[in-house]
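# Pasting a predicted model and its sequence here:
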Amino acid sequence: MSSTHSTVTVTVPATTANLGPGFDCFGAALTLYNQFKFSAIALNPSTPDQKTLQILVKGLEADRVIADETNLVYKAFAKFYAHLGQSPPPVEIEIELGVPLARGLGSSATAIAGGLMGANHLAGKPLTLLQLVDLAIDMEKHPDNVVPALLGGCRLAASIPEELATDGPGWEICDVPWHSEIVPVVAIPEFELSTETARQVLPTHYTRADAIYNTAHLGLLLRGLATNNGQWLRVAMSDRLHQPYRKNLIPGYDAVHAAALNAGAYGLTISGAGPTLLALSSPAQSADVATAMVEAWQKAGIKSHAQSVQIDLRGSVSVEAKSPLKQPANFSTPG
Ligand SMILES: Nc1ncnc2c1ncn2[C@@H]1O[C@H](COP(=O)(O)OP(=O)(O)O)[C@@H](O)[C@H]1O
Ligand SMILES: N[C@@H](CCOP(=O)(O)O)C(=O)O
């Protein structure tokens, strides 16, 4: 049998990007997951006009995901083959959603990571994981979701200066220690905020003082996460590059922020481009912090749910299965 596999299932973690001062360069994988199953389809030459793409979507907010060739998972799948100079093979993609869409938890990054990983497996794994990371960053245009989504853990990504560039990966990525006593608490409101919209409100230029502020606070955040220093975390989670502009897109932000701190959180930040808010807490305070955030949003007339999560350390995980090539299903797919 060829080295390619006819079916592969890829599980991809959610991610929380920026973490305050780490705008567009710093993020962590969280224990919420999307799953993508790719099955190569064997077309029957005697049956004309067969569908070469079938997409099934189920789970959380499944009705909000497009099931045609504009689907982001398939776009990543096709980008992989284009990178090899090939057309994508006929494929069935089954998407099981566990990460809320357009909430600042990296759902788009899961789609990109899943599509690239699935294609790589069906093609017999011609690319390394770091080559997939480069392709993913090229698609998402910022590394702070796709890097932890693929690699797991808490990751800082720095672009390699031109004078040091080689034909290898264009990014230097480091794994950042996250102390086991620091609990991420996510409060996810019912309303959405697309990353595209949240990026449009950002200035194109910043002052020197803003640059210095974020540089210093990111360094403090890295040390606070590694050492579980609550005072450093309190100070470190603020930023001047995105939060001052995006908080205005998140009704109830100030009330939820105050409630989280009053309940004992070290600090609170916008998760990714929002509207999810991320608090960092000790294990003992995490339940109170979650309750306080939901109640604060409720008083503002906004439904939400909050939960403690953990840092996912595995990143995207794929399981291959050799099974008879999928026969085209007789169901019709849109598009
Ligand atoms: N799991 C998914 N499967 C397919 N497409 C997705 C998925 N998640 C996100 N997308 C696509 O990515 C687009 C951008 O999502 P985005 O606003 O970045 O959400 P998030 O902040 O969660 O990453 C969505 O409008 C949707 O078209
Ligand atoms: N650095 C990006 C991160 C976007 O994260 P997402 O989870 O909202 O996709 C940004 O802040 O725009």
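Nice, thanks for sending it over. Numbering: from 1, shown residues only. Ligands and ions are numbered 1, 2, ... in the order given.

# What's the end-to-end length of stretch 232-248?
26 Å (Cα to Cα, to the nearest Å).

# so how far is it from its chain's centroid?
20 Å (Cα atoms, centre = their mean, to the nearest Å).

# Can you name the residues that contact Thr195?
102, 104, 108, 272-273 (Cβ atoms under 8 Å, 6 or more residues apart in numbering). (C-beta placed from N, C-alpha, C; glycine too.)

# and Gly59, how many residues sit next to it?
13 (other Cβ atoms under 10 Å).

# so how far is Ala149 from the closest residue to Leu60 other than its chain neighbours?
Leaving aside its chain neighbours, Leu60 sits nearest to Leu97 (4.4 Å; criterion: Cβ to Cβ, 6 or more residues apart in numbering). Relative to Ala149, Leu97 is positioned 15 Å away (Cβ to Cβ, to the nearest Å).

# With Gly20 instead?
19 Å.

# Among the two, which residue is more densely surrounded?
Applying other Cβ under 10 Å to Gly20 and Ala149 shows that Ala149 carries more neighbours, namely 35 against 25.

# Was I right to think that one contacts Ala29?
Yes - Ala149 lies in contact with Ala29 (Cβ atoms under 8 Å); the separation is 6.2 Å.

# Check the contact lists of the two and give me the overlap.
The overlap between the contact sets of Ala149 and Ala29 (Cβ under 8 Å, 6+ apart) consists of 13-15, 315.

# so which of those comes closest to Arg223?
Thr15 (21.5 Å; Cβ to Cβ).

# my read is the closest one is in a helix, agree?
No - judged by DSSP: H, G, I helix; E, B strand; the rest coil, Thr15 forms no part of a helix; its state is strand.

# so who does it touch?
Thr15 touches 27-30, 105-106, 109-110, 144-146, 148-149, 272, counting by Cβ under 8 Å, 6+ apart.

# Mind doing that once more with 6 Å?
Thr15 makes contact with 27, 29, 106, 109, 145, 148-149, according to Cβ atoms under 6 Å, 6 or more residues apart in numbering.

# Grab the nearest non-local neighbour of it.
Gly106 (3.5 Å).

# Burial check on that neighbour, number of neighbours?
By other Cβ under 10 Å, neighbour count at Gly106 equals 33.

# ranges for the helices of the protein?
72-83, 107-122, 129-140, 143-151, 195-200, 208-227, 230-236, 243-246, 253-262, 286-299 (DSSP state H).

# quick one, which of those is packed in tightest?
Sort the helices of the chain by mean neighbour count, taking mean count of other Cβ atoms under 10 Å, and helix 143-151 sits at the top with a mean of 30.

# Give me the contact status of it with ligand 1.
No - Helix 143-151 is not in contact with ligand 1 by Cβ under 6 Å from any ligand atom; minimum separation 6.6 Å.

# Close to ligand 2: what parts of the stretch 201-335 of the chain are there?
Looking at ligand 2, the residues of the stretch 201-335 of the chain close enough under Cβ under 6 Å from any ligand atom are 242, 272-273.

# What about ligand 1: which of those touch it?
Applying Cβ under 6 Å from any ligand atom to those, those adjacent to ligand 1 are 272-273.

# Pick the one among the residues of the stretch 201-335 of the chain next to ligand 2 closest to Leu132.
Gly272 (20.7 Å).

# Could you find the closest non-adjacent residue to that closest one?
That would be Gly104: by Cβ to Cβ, 6+ apart, it lies 3.6 Å from Gly272.

# so where's the stretch 1-150 of the chain uncertain?
Scanning the stretch 1-150 of the chain for pLDDT under 70 picks out 1-5.

# 90 - rerun?
1-6, 41-52, 59-63 (pLDDT under 90).
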